[in-house]
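Engineer: Coordinates only, no sequence provided:
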């Protein structure tokens, strides 16, 4: 729950106590699970789409979504550690700001990207000639770059008002501190804090959720009406993918924004504000869940991508096994070669024989054999005499 921290920092201990409640334990467990699964699967999506799928407009959209999700899931272990220590931050003020900003950056990037993808689908259906002439990978890359830049700008206020807050009980929070960048002229401190808190809450609600959601809804209404007029009902795999991703986005982020607004609009110390503050931890966990669900949606909505992943994993395993088998074969070959060399060396005659020269014993044996052959002629020799 956000507070206006004054110079003598005080905080309502109702929600910020160091005790780990059953709700916190549930959230900690989910964070650990989401972190492990999310990092692995988003790395897999980036690897497969980035290196094993032909570059296209669709692949650029998916790569940017996966990069945003990977950024969010990579920050989860630190937030899990923070919650496991009873909401005590021990990693410093700067990293507190960076870590929290990562969460909001993913929120803005996801909303902006889904809105842009929906508009892209709408243009492809409604203005196919324009899309064919102007819709290119280079243009989409520029749009994605602009989206990331805009998301960074929107995240700056959340970075500025994030701080480490020491508590009287020795705990250190990583939370909002609106007692910074104060005006020089006289002002109402409580009113200023309330304005800042409401501004950030509604900024997240409109820019990261409602406006993208409105664009998405209008885009697909336009697509549906255009196709219905033409009697064209063919389903696109990528359209199904976008719809699934959008539904996941709404279900995962709607509770977070709902409880944020409830907390902001409730009177200070009111029961609803305390309820919202406690529910926000679980709601934030659901927000992270969106970054875990997206890779599953990519796979199940695009069978071709699933095949690519299987083939890529198979190629990786074959490569690893091939390297191991090659190394094993090399070692066996070296061992056999060494054993063969040793055996040949033992069985070889002396150096004189090796050079093709005969020893005295060999000459004597040859002479003796010749004498015996003369003394006892063979049947062939006897026939020749006849």
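Structural biologist: The structure has been received and is ready for your questions. Nothing here was measured: the structure is a model prediction, and the numbers come from that model.
Engineer: My reading is that residue 180 lies in a strand. Confirm?
Structural biologist: No - per DSSP: H, G, I helix; E, B strand; the rest coil, residue 180 lies outside any strand segment and is coil.
Engineer: That one: neighbour count?
Structural biologist: Using other C-beta atoms under 10 Å, the number of residues around residue 180 comes to 12. (Glycine included, C-beta is placed from N, CA and C.)
Engineer: what's the answer for residue 136, then?
Structural biologist: Counted by other C-beta under 10 Å, the residues lying close to residue 136 total 12.
Engineer: need the contact list for the closest residue to it other than its chain neighbours.
Structural biologist: Spatial nearest neighbour of residue 136, chain neighbours left out: residue 57 (7.5 Å); criterion: C-beta to C-beta, 6 or more residues apart in numbering. Going by C-beta atoms under 8 Å, 6 or more residues apart in numbering, residue 57 touches 120, 135, 136, 137, 140.
Engineer: what's the spacing between residue 85 and residue 112?
Structural biologist: Look at residue 85 and residue 112: by C-beta to C-beta, to the nearest Å, they are 33 Å apart.
Engineer: Can you give me the separation between residue 259 and residue 184?
Structural biologist: Applying C-beta to C-beta, the value for residue 259 to residue 184 is 35 Å.
Engineer: Comparing the two, which residue is more hemmed in?
Structural biologist: Counted by other C-beta under 10 Å, residue 259 and residue 184 do not tie: residue 259 has more neighbours, with 21 against 5.
Engineer: tell me what the host helix or strand of the more buried one is packed against?
Structural biologist: Per DSSP states H and E: residue 259 is located in helix 237-265. With contacts defined as 3 or more C-beta pairs under 8 Å, 6 or more residues apart in numbering; DSSP states H and E, the packing partners of helix 237-265 are helix 93-126, helix 189-205, helix 211-230, helix 271-301.
Engineer: mind listing what's buried in the following helix or strand past the first one?
Structural biologist: Going back to what we said before, that points to helix 93-126. Downstream of helix 93-126, the first helix or strand assigned by DSSP H and E is helix 128-134. By neighbour count on 16 or more other C-beta atoms under 10 Å, the buried set for helix 128-134 is residue 131.
Engineer: repeat for stretch 193-207
Structural biologist: Residues of stretch 193-207 classed as buried by neighbour count (16+ other C-beta under 10 Å): 193, 194, 196, 197, 200, 201, 204, 205, 207.
Engineer: Closest to residue 179 out of the residues you listed?
Structural biologist: Among the buried residues of stretch 193-207, residue 193 lies closest to residue 179 (C-beta to C-beta), at 7.4 Å.
Engineer: close enough to count as contact, the closest one and residue 178?
Structural biologist: Yes - with contact defined as C-beta atoms under 8 Å, residue 193 reaches residue 178; the gap is 4.3 Å.
Engineer: Let me know how buried residue 93 is, in neighbour terms.
Structural biologist: By other C-beta under 10 Å, neighbour count at residue 93 equals 14.
Engineer: and if you look at residue 226?
Structural biologist: Neighbour count of residue 226, defined by other C-beta under 10 Å: 14.
Engineer: thought it was touching residue 126?
Structural biologist: Yes - Residue 226 lies in contact with residue 126 (C-beta under 8 Å); the separation is 5.3 Å.
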